[in-house]
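**Q** heads up, no residue letters with this:
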């Protein structure tokens with residue numbers, strides 16, 4: 001099995017399409033079927049998984065998806081590239097407990113990359129125009145079996 005598509009709930013399809021395309025995501029499809037259905041599919045650079053959003057695609061509230069991960073091999077470069085493309089990306093951080101970050105922006109987040117730049121533990125976050133939350137996660141060395 002492969003995870004290939006994640007549904008992202010949005011309020012304004014064209015605004016979201018423009019936002020993600022400005023980040024450099026490839027447009028795979030923009031399908032309209034009548035007045036009540038439109039599905040837009042975009043894929044982040046290098047990803048095997050796409051996102052779909054649109055009209056009549058999901059009943060989830062716009063902005064309700066949180067903790068969507070984008071894996072990068074250089075968090076500073078990825079963060080800079082997204083900022084250059086118009087995203088409001090927060091500073092690089094790690095979790096004080098040495099684990100994955102908790103939901104939201106408070107609590108255990110510590111400024112700066114993980115100690116010794118340990119793979120899997122450095123993050124930066126940003127949101128789309130509806131508030132769907134994305135995390136950049138730096139992975140430089142994969143866990144065994146990955």
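**A** Here it is on my side, so go on. A quick note: this is a predicted structure, and the numbers were derived from the prediction, not measured.
**Q** Give the full set of residues in contact with residue 110.
**A** Neighbour list for residue 110: 93-96 [criterion: Cβ atoms under 8 Å, 6 or more residues apart in numbering]. C-betas here are computed from N, CA, C, even on glycine.
**Q** so it is in which element?
**A** strand 109-111 (DSSP states H and E).
**Q** ok now that strand, how far from the chain's centre?
**A** Centroid separation for strand 109-111 versus its chain: 19 Å, with Cα atoms, centre = their mean, to the nearest Å.
**Q** again with stretch 14-28
**A** On Cα atoms, centre = their mean, the centre of stretch 14-28 falls 12 Å from the chain's centre.
**Q** what's that stretch in contact with?
**A** Stretch 14-28 is contacted by residues 8, 10, 30, 40-45, 50-51, 53, 81-82, 85-87, 128-130 when judged by Cβ under 8 Å, 6+ apart.
**Q** try it again with 7 Å
**A** Stretch 14-28 is contacted from outside by 10, 40-45, 50, 53, 82, 85-87, 128-130, using Cβ atoms under 7 Å, 6 or more residues apart in numbering.
**Q** cool, and stretch 62-75?
**A** Stretch 62-75 is contacted by residues 6, 8-11, 44, 78, 92, 103, 113, 122, 124, 130-140 when judged by Cβ under 7 Å, 6+ apart.
**Q** Pull out the buried members of those residues.
**A** With burial judged by 16 or more other Cβ atoms under 10 Å, the buried subset of the contacts of stretch 62-75 is 8-10, 44, 78, 92, 113, 122, 124, 130, 132-139.
**Q** Among those residues, name the ones in helices.
**A** residue 78 (DSSP state H).
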